[in-house]
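Engineer: Would you be able to build a 3D model of this:
(one chain, ligands or ions: 1)
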Amino acid sequence: MAEVLRVEKLEAGYGKFHVLFGVDIVVNSGEIVVLLGPNGAGKSTLLNSIVGMADVYSGRITLLGHDVTGKPPHEVMKLGVAYVMQSPNNFGTPNIFGELTVFENLIAASAGLSKKDVLKRVEEIYEIFPRLRELRDRKAKFLSGGERQMLAISLGLMKNPKLLMLDEPTAGLAPKLVSEFFSVIKDIRDKFGISILLVEQNAKKALEIGDRAYVLVTGRIRYSGDTKSIDEDRLAKLFLGQ
Ligand SMILES: Nc1ncnc2c1ncn2[C@@H]1O[C@H](COP(=O)(O)OP(=O)(O)OP(=O)(O)O)[C@@H](O)[C@H]1O
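Structural biologist: Below is the predicted model:
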């Protein structure tokens, strides 16, 4: 299985604030890899480090065979990463233009695809998120939190990435929508073959759709293995440092 991402012995943080200690993770082609851990464990920092948005002190990050350690965000994204950042209450999602319609936002995010492929990709996105087809002419500033989150993920897909990193995509969503989102994440992998690195608080559901999992506690990997070998009891113990 080809490797999409390899993080080795990563030490990273923000200035003098050291968050990650010797972190190793791998994402293989076509996998959904789940990253779990208590609040403040460093999950977002790990994603930020991969795309050059946190300070890497040492270690190595390899993306699709390229050494991207410490490279700035635009260079890493260009290689084929889409990063849907955590967004409190789903507002202030970066990259969404409030004055543009859903359709216009999708087109604006499509750098790198030919005109024919852009419309094909928009159609594929509408198949995954039928709600966005209904909302295609609505200005993004009028979307609900869940709808904005659908759009944020879709903007990532317009970049035709090899790796999609999702940071708590279901945070703040209504319970019914949460289940839908998990099945959509699986659809995205199945339809497009995109590898997914998923940070989630909803461990049970994430483990159901994931192939492998890592558990990060106070900046260190405490579990790495397949998602079937870990349950909520074991997870709770790991979170508590046992
Ligand atoms: N830009 C920043 N500058 C300084 N410290 C930061 C910054 N962002 C996060 N931190 C700190 O880094 C630590 C790890 O935060 P991080 O957001 O990576 O954790 P997390 O596991 O994603 O948590 P959560 O599940 O609550 O989102 C926390 O102590 C946090 O306060």
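
Engineer: and the host helix or strand of residue 131, what's its mean pLDDT?
Structural biologist: Assigned by DSSP states H and E, residue 131 falls within helix 130-134. Averaging pLDDT along helix 130-134 yields 96.

Engineer: Tell me the buried residues in it?
Structural biologist: With burial defined by 16 or more other CB atoms under 10 Å, the residues of helix 130-134 counted as buried are 131, 132. Where C-beta positions appear, they are placed from N, C-alpha and C, glycine not excepted.

Engineer: Check which helices and strands it sits against.
Structural biologist: Judged by 3 or more CB pairs under 8 Å, 6 or more residues apart in numbering; DSSP states H and E, the packing partners of helix 130-134 are helix 115-128, helix 145-157.

Engineer: Please save the CA atoms from it in CSV.
Structural biologist: Coordinates of each C-alpha in helix 130-134 appear next as CSV, following Å, rounded to 0.1, in the frame of the first residue of the first chain:
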residue,chain,number,x,y,z
PRO,A,130,-27.6,16.9,-2.2
ARG,A,131,-28.4,19.7,0.2
LEU,A,132,-25.7,21.8,-1.5
ARG,A,133,-27.4,21.3,-4.9
GLU,A,134,-30.6,22.7,-3.4
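
Engineer: All the helices of this protein, residue numbers only.
Structural biologist: Secondary structure of the chain (DSSP state H): helices at 43-50, 73-78, 102-108, 115-128, 130-134, 145-157, 175-192, 203-209, 232-239.

Engineer: Can you pull the poorly scored residue ranges out of this protein?
Structural biologist: 1, 88-94, 112 (pLDDT under 70).

Engineer: rerun that using 90 as the cut-off
Structural biologist: Along the chain, the parts satisfying pLDDT under 90 run over 1, 74, 85-96, 109-117, 144-146, 159-160, 170-177, 180, 229-242.

Engineer: Get me the contact residues on it for the ligand.
Structural biologist: Residues of the chain lying close to the ligand (CB under 6 Å from any ligand atom) are 14, 17, 19, 37, 39, 40, 41, 42, 43, 44, 45, 86.

Engineer: Now the phi/psi pair for the fourth one, please.
Structural biologist: Recorded main-chain torsions at residue 37 are phi 160, psi 160, according to degrees, to the nearest 10.

Engineer: I'd like the numbering to begin with 55 instead of 1 from here.
Structural biologist: Got it, first residue is 55 now, which makes that one residue 91.

Engineer: Without its sequence neighbours, what residue ends up closest to it?
Structural biologist: residue 270 (3.8 Å; CB to CB, 6 or more residues apart in numbering).

Engineer: Run a quick neighbour tally on the one you found.
Structural biologist: 25 (other CB atoms under 10 Å).

Engineer: which stretch among the helices of the chain comes nearest residue 56?
Structural biologist: helix 229-246 (14.8 Å; CB to CB).

Engineer: Flag every buried residue along that closest one.
Structural biologist: Burial within helix 229-246, assessed by neighbour count using 16+ other CB under 10 Å, is assigned to 231, 232, 234, 235, 236, 238, 239, 242, 243, 246.

Engineer: closest to residue 225 among these?
Structural biologist: residue 232 (9.4 Å).

Engineer: didn't residue 272 look like it was pressed against residue 93?
Structural biologist: No. Between residue 272 and residue 93 there is no contact under CB atoms under 8 Å: 11.0 Å.
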